[in-house]
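Q: Here is my input, please return the structure:
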Amino acid sequence: MIALRNVARLALPLLAASVAASWTRAQIPALAPAPLLAAKELQGLGSAAALFELEAAHRAAELGFNTAARASFARVLERGDLPGAARSRAALGLAAVELASGRLDEAEAALGRGADLASAQTRLRRGLIALLRKDALTAAPLVESLRPEEVPAEEASWVYVAQGMLADSRGQYDRAQVAYGQAESRAVAELARAQMLLARERARLLFGQATPEQVQVLQRQIDQFQGRPVGFTAAGQQAVVLDQLGRKGEAQTVLQRQLALVTAADREAADRLRLLLALVSGPDSAVGLNALRQLFASAVQPEMQRIALQLLANAASDPEVQRDFRRELDAHIALKPAPKILDDLLLYRARLALTQHEYEQAEADARALLADFPGSPDRRAAFNVLVAVAWELRRYRTAAEAIAQLQGELGPDPLRGPFAVLLAESYFRAQDYRNAAGAYALALQERTLPPGVTRGSLLFQQVLALLLADQPAQTDEALQVLDRLAGDAEFDAVNRWQAEWNVGKTLQVRGQTPRAYERLNRILAAESFEAAPPELRLRLAWLQAKLSLEAGQPAETLELVAKVLAGPAAETNTAVAAALRQETAGTARLLRAQALLELRREDEGLAELTELRRAFPGSDPAVYSFIIQANYLSRLGQTVEAQTLLIQLADEHESSPYAAYALYEAAGNAERRGEDRHYEEAYRLLESLTKKFPANELVFYAKLRQGDLLRKLDELGPAQVIYESIVNRFPTHQDVALAELALADTLFAQVTADASRLGSALARYERLFDLPSAPVEVRVEAGFKEGYALAMRGNSVEARRALWLVADRFLLDPASYTTFTEKGRYWLGRILLVYADLCEKAKAPQEAREAYALVLRSGVWGENTAKAALERLNTGAGVR
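A: All right, here's what the predicted structure looks like:
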């Protein structure tokens, strides 16, 4: 997926293939970032995680949840890999949130965090900031140059608000009222219309005329028309004037006194007075909050209730206020008859629940809104909640379903493009790669894409999804798509390079390295490739040399490396950046050294490695050359020399991404020497790895290996402690099942000394066998060991039951059996042989025959043993 390509870059991701200890699950190297790419080249590729959080932040801001929106925008802006367009959108969103909260300095600072300063949206925010500071001179050129069609539809109303505020600041009140009316008419939904009404009221407070004489004139009107609509209107105007004069306390007193006089017949006047009291006092003050709650509870106009909703949501910045807001929402939703704004209430409660991680409540409210209000303008926001819940819970198929329904609601909306990308990403994360590939293809047809997501990155994702489908037909389709896209101008050089790299690595993993090599030879030989960007020609020439080595053609590798160094990577090739030329030259020389060693030209190969370290000191190729040389020496049985080199790498290049791996491999070389003192030495090296690099992904495997070493040293108690610590520290690790299996084995190994360990061991074996997320081979092995442990403790009946359950679940289902590796077939064979042996001992020869025959039919391990047993049984050798 898009986000996966922004992991920390390794210039030589050979490491991913090298860390292949026998207990690690195979990973598809195509998911590793391609080499020969600068970090800045990866930044334009977008991130689904950032895209999703960006959309979630905008939805929170629309509803007035400014605290949640502010935090989301800030998290997005902290990402170092954020593309410029996405950063601009996040900065604009954060500025809007700060504006809504009245934090003008923070709003201005937000624009400086990456907003496109020339855009109409930035000018709109700068204009509003200036107007709220009463700086009409600065605001005028910004606002007067704005046109509603220059900004997204949801911001067009704010252009009219800015024009109205500018007119208010100039005393052009009639013109201001026209502009505010246009703002209300352009609002895209009822909640947005409520925002426009609120903006008008705030403008009155900001720009109204204010003199002490006005206070007296309005007081006479209040006295003359006390308790009547005209008097209430005059009181509201007087409160505005007093607030303008800085006499906030008097303004509050006027409003509170008038509210005490309002009768049931004047509820609209009460609504207006309460809103003014909240705005004058501050919505987050005690007086303001109380006024808002009363307005929310008793407003006669739905628009006023919506304004109160938005202001209460904005004020809910701490847990206590959020709890109060939740109680008010609960009470109103439960009212009979139902409130007129019930759909809005459900949406706000869903969004609040989402903020508080109450996902079940959020989903229930969103689904209730969709079921009960088919025509509500809140339906899109409800679908957004469903998508957010599904993503938070990593239920990506559910997210895909919600997005597909949302797209049906959107019609020809600019948001279709972003959600089309999100749909494809949902399928991708659900590992439904076939649907993901189709969804990426459909996203490419959209006119509007999310900020920072290029068509080139979507083309890359389409190819990657086809590769990951892991089916010959999809792999062939991926190659066809890639060949077809080669001439597409939107398929930029960086994405094309990464796609070609992934094709090569995927074919290599599937045992088709010669095919990958032949394909690349054909591409580079084509006349049309001469027009390719020089950086792409350089990278593919290097990949050609690399594939030749991996295809078992080291002599050709030497020729191709010579061409790379003399041609595209030469210092005279100024069409390619110097840094890329130098990096390619270093990696090419590393390939040359490997090829020489493969050709048994040892002296030349080792000399090349030494020269590489001299010519490119400290570079990734130079550092990795230690690993290449150590691996070569280890294959020759020179494990001491190999270990010394690896420790040298870790000591001299501690900041290198290869340092932790070097210690891991050094421990392996010590372990291969096979004596207790060597196991202890390996243990110490692994301990050094975990202490020096506590955050490295190899720590999990280092701790696992330490436990295995302790078992070899017959230190079962300490081994158990290590395995338990792994399970507790890494409960969600992809290979935690391996640690659980090792822990169960260790417990069973201690049964002779402590019989109470048997129950724990059997429980862990049974749990692993039933665990759907565990690798199939681990489940089968755990099932065998459960049965074997029962048999060893004399419980033959339960042992046979446990063993046959494994065979029935995995071996008798053809679809399951075809997925097994050699290791899985080994454990299945042992299961059948032990089961048959137990049947013989239980005087059930026919069941034993069937089990032995199943060994032969299925092709699992143990064919010779099964044949001999069947011959013995069939010739009447008797039952043992």
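
Q: for the chain, what spans make up the strands?
A: Using DSSP state E, no strands are found in the chain.

Q: how near is the residue lying farthest from the centre of the chain to V230?
A: Centroid-distance maximum for the chain: Q224 at 65.4 Å, with Cα atoms, centre = their mean. Between Q224 and V230 the distance is 8 Å, computed by Cβ to Cβ, to the nearest Å. Heads up, the C-betas are built off the backbone N, CA and C, glycines and all.

Q: mind showing which ranges of the stretch 251-400 of the chain have poor pLDDT?
A: Applying pLDDT under 70 to the stretch 251-400 of the chain flags no residue at all.

Q: Can you show me the helices along it?
A: Per DSSP state H, counting those that start in this stretch, the stretch 251-400 of the chain carries helices over the ranges 267-281, 286-298, 302-315, 319-333, 342-355, 359-372, 379-392, 396-410.

Q: can you put these in CSV and add distance to R103?
A: Below are the helices of the stretch 251-400 of the chain laid out as CSV (distance: least, Cβ to Cβ, whole Å):
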stretch, distance to R103
helix 267-281, 16
helix 286-298, 17
helix 302-315, 12
helix 319-333, 18
helix 342-355, 20
helix 359-372, 28
helix 379-392, 25
helix 396-410, 32
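
Q: Switch these over to a markdown table; also include distance to E850 and mean neighbour count.
A: Shown next, in a markdown table, are the helices of the stretch 251-400 of the chain (distance: least, Cβ to Cβ, whole Å; neighbours: other Cβ atoms under 10 Å):
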| stretch | distance to E850 | mean neighbour count |
| --- | --- | --- |
| helix 267-281 | 81 | 23 |
| helix 286-298 | 74 | 19 |
| helix 302-315 | 68 | 24 |
| helix 319-333 | 63 | 15 |
| helix 342-355 | 56 | 25 |
| helix 359-372 | 49 | 18 |
| helix 379-392 | 47 | 23 |
| helix 396-410 | 40 | 19 |
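
Q: so how many other residues sit close to A179?
A: 22 (other Cβ atoms under 10 Å).

Q: so where's this protein shaky on pLDDT?
A: Using pLDDT under 70, the chain drops low at 1-34, 36-49, 81, 188, 208-209, 412-414, 814-819, 876-880.

Q: Tell me how it divides into domains.
A: Using automatic domain parsing, the domains assigned to the chain come out as 44-206, 208-392, 775-874.

Q: Any idea which of those domains gets closest to E401?
A: domain 208-392 (8.2 Å; Cβ to Cβ).

Q: Buried residues, stretch 250-263. List them.
A: Within stretch 250-263, the residues that count as buried by 16 or more other Cβ atoms under 10 Å are 250-252, 254-256, 258-259, 261-262.

Q: For G787, give its distance to N795.
A: 10 Å.

Q: correct me, but L646 touches Y624?
A: No: at 11.6 Å, L646 does not count as touching Y624 under the criterion of Cβ atoms under 8 Å.

Q: Which residues are in contact with the closest residue to A402 other than its chain neighbours?
A: Once flanking residues are discounted, A402 sits nearest to L386: 4.0 Å by Cβ to Cβ, 6 or more residues apart in numbering. Applying Cβ atoms under 8 Å, 6 or more residues apart in numbering to L386 gives the contacts 363, 366-367, 398-399, 402.

Q: Save the domains of the chain as JSON lines, and put in distance to P657 too.
A: Converted to JSON lines, the domains of the chain look like this (distance: least, Cβ to Cβ, whole Å):
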{"stretch": "domain 44-206", "distance to P657": "17"}
{"stretch": "domain 208-392", "distance to P657": "30"}
{"stretch": "domain 775-874", "distance to P657": "27"}
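
Q: between those domains, which gets nearest to A578?
A: The nearest among the domains of the chain, by Cβ to Cβ, is domain 44-206 at 21.2 Å.

Q: How about L507: what's its closest non-neighbour residue?
A: Nearest to L507 is A516, by Cβ to Cβ, 6+ apart, at 3.9 Å.

Q: Kindly report the same for L51.
A: Closest residue to L51 apart from its sequence neighbours, by Cβ to Cβ, 6+ apart: P450 at 5.0 Å.

Q: ok, the one you found - contacts?
A: Applying Cβ under 8 Å, 6+ apart, the residues near P450 are 46, 51, 54, 86, 417-418, 421.

Q: The residue nearest to L507 contacts N502, doesn't it?
A: No: using Cβ under 8 Å as the test, A516 is too far from N502 to be in contact (10.5 Å).

Q: So which of the contacts of P450 are in helices?
A: Judged by DSSP state H, helices contain the following of those: 51, 54, 86, 417-418, 421.

Q: Format those as CSV; extra columns: neighbour count.
A: What follows is the ones in helices among the contacts of P450, written out as CSV (neighbours: other Cβ atoms under 10 Å):
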residue, neighbour count
L51, 25
L54, 26
A86, 24
G417, 19
P418, 21
V421, 28
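
Q: could you dump the residues you listed to TSV with distance to V509?
A: Shown next, in TSV, are the ones in helices among the contacts of P450 (distance: Cβ to Cβ, whole Å):
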residue	distance to V509
L51	29
L54	34
A86	32
G417	33
P418	33
V421	27
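
Q: and of those residues, the nearest to Y723?
A: Nearest to Y723 out of the ones in helices among the contacts of P450 is L51 (Cβ to Cβ; 39.6 Å).

Q: correct me, but that closest one touches F419?
A: No: L51 sits out of contact with F419 when judged by Cβ under 8 Å, with a separation of 10.0 Å.

Q: so how far is A400 from the residue nearest to A402?
A: As judged by Cβ to Cβ, L386 and A400 stand 11 Å apart.

Q: Same check on A551?
A: As for A551, its distance to A400 is 39 Å (criterion: Cβ to Cβ).

Q: Can you give the contact residues for stretch 234-253?
A: Outside stretch 234-253, the residues within contact range by Cβ under 8 Å, 6+ apart are 204-205, 208-212, 214-215, 218-219, 221-222, 225, 254-255, 257-258, 272-273, 276-277, 280-281, 287.

Q: What distance separates the opening and closing residues of that stretch?
A: Stretch 234-253 has an end-to-end distance of 14 Å (Cα to Cα, to the nearest Å).

Q: Could you dump the contacts of P450 into TSV with distance to N435 added?
A: Below are the contacts of P450 laid out as TSV (distance: Cβ to Cβ, whole Å):
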residue	distance to N435
G46	20
L51	19
L54	24
A86	25
G417	18
P418	18
V421	14
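
Q: Among these, find me the one that's closest to Y701.
A: Distance to Y701 across these (Cβ to Cβ) is lowest for G46, with 31.3 Å.

Q: Find the nearest non-adjacent residue to Q256, please.
A: L277 (6.8 Å).

Q: Quick one: residues contacting that neighbour.
A: L277 makes contacts with 239, 252, 255-256, 259, 287-288, 291, as judged by Cβ under 8 Å, 6+ apart.

Q: got these as TSV, with distance to P718 columns?
A: Below are the contacts of L277 laid out as TSV (distance: Cβ to Cβ, whole Å):
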residue	distance to P718
A239	76
Q252	71
L255	74
Q256	73
L259	74
V287	65
G288	63
A291	66
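
Q: ok so, going back, mind checking which of the domains of the chain is nearest Q461?
A: Closest among the domains of the chain, once you apply Cβ to Cβ, is domain 44-206, at 9.3 Å.
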